[in-house]
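S.K.: have a look; sequence and predicted model below, questions after that.
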Amino acid sequence: MKWQRIPLGPLQTNAYILTNSNKKCLIFDPGGDGQRLNTILRQQGLIPVAVLLTHAHFDHIGAIDDVKANWDVPVYIHEKEKNWLKDPALNGSAYFIPGQEILSKAEPTILPKEGSIEISDFHLELYYTPGHSPGSVSYYYQELGVVFSGDALFQGSIGRTDLPGGSHEQLLSSIHKKLLTLPEETIVLSGHGPETTIEAEMDSNPFLNGF
């Protein structure tokens, strides 16, 4: 098993590819540059089996249609954001990049619930971590000791909460109750910026004082 980070789209949002020994892979948050992403997948001989969204802001969804045009894979998204893919007002692109709104024709295939999820040969734990957005989730992959945290937790920072459905109090609660309970050596793979660890953020993240 291995993971790789690929910044994509208008904000260079971190997409991640999680690959097993059979070349099957999961794609997390494909934010844009779909042709480039597809080229990378083909060059590495990878076989996508699903697209997993930590949330549905525009900078995390821009390449979904390009991926689905080449591989008929399901799209996982929390129920609270199932309508965001087609709505520029909900996914934020209408406000941040007017005239270049980002939307997807894809229908969310699976609306996962919190708990264990099995996708092909992959076994993950889904944690509901709202606050940055109402349907934000994080995916923990124990075998590699990594958590795909989306825009909940960053190196030295946390997600913004001034967008529709955001809540600073709820985000801190999500981080405290869900993410900081993971093993301290867990690698945090965020939607923006470099990776970090749970231990590092517990020790030095200024937004988490007291946690």
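M.R.: Arrived safely. Numbers count the residues shown, from 1 in each chain.
S.K.: where do the strands sit along this structure?
M.R.: Taking DSSP state E as the criterion, the chain contains strands spanning 2-8, 13-19, 24-28, 47-52, 75-76, 115-119, 122-128, 137-141, 146-150, 153-154, 157-158, 187-190, 196-197.
S.K.: let me have those in JSON lines, adding mean neighbour count, distance to residue 34 and mean pLDDT as columns.
M.R.: Glycine gets a C-beta too; all of them are placed from N, C-alpha and C. Formatted as JSON lines, the entries for the strands of the chain read as follows, by neighbours: other C-beta atoms under 10 Å; distance: least, C-beta to C-beta, whole Å; pLDDT from 0 to 100:
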{"stretch": "strand 2-8", "mean neighbour count": "16", "distance to residue 34": "8", "mean pLDDT": "97"}
{"stretch": "strand 13-19", "mean neighbour count": "23", "distance to residue 34": "10", "mean pLDDT": "98"}
{"stretch": "strand 24-28", "mean neighbour count": "23", "distance to residue 34": "11", "mean pLDDT": "98"}
{"stretch": "strand 47-52", "mean neighbour count": "21", "distance to residue 34": "11", "mean pLDDT": "97"}
{"stretch": "strand 75-76", "mean neighbour count": "24", "distance to residue 34": "14", "mean pLDDT": "96"}
{"stretch": "strand 115-119", "mean neighbour count": "12", "distance to residue 34": "21", "mean pLDDT": "96"}
{"stretch": "strand 122-128", "mean neighbour count": "18", "distance to residue 34": "22", "mean pLDDT": "98"}
{"stretch": "strand 137-141", "mean neighbour count": "24", "distance to residue 34": "21", "mean pLDDT": "98"}
{"stretch": "strand 146-150", "mean neighbour count": "27", "distance to residue 34": "19", "mean pLDDT": "98"}
{"stretch": "strand 153-154", "mean neighbour count": "26", "distance to residue 34": "25", "mean pLDDT": "98"}
{"stretch": "strand 157-158", "mean neighbour count": "20", "distance to residue 34": "28", "mean pLDDT": "98"}
{"stretch": "strand 187-190", "mean neighbour count": "23", "distance to residue 34": "21", "mean pLDDT": "98"}
{"stretch": "strand 196-197", "mean neighbour count": "20", "distance to residue 34": "28", "mean pLDDT": "98"}
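S.K.: go through these and name the closest to residue 82.
M.R.: When these are ranked by distance to residue 82, counting by C-beta to C-beta, first place goes to strand 75-76 at 9.8 Å.
S.K.: now what about the closest one, what contacts it?
M.R.: Residues lying outside strand 75-76 but in contact with it, judged by C-beta atoms under 8 Å, 6 or more residues apart in numbering, are 50-53, 64, 68, 85, 106-112, 117, 119.
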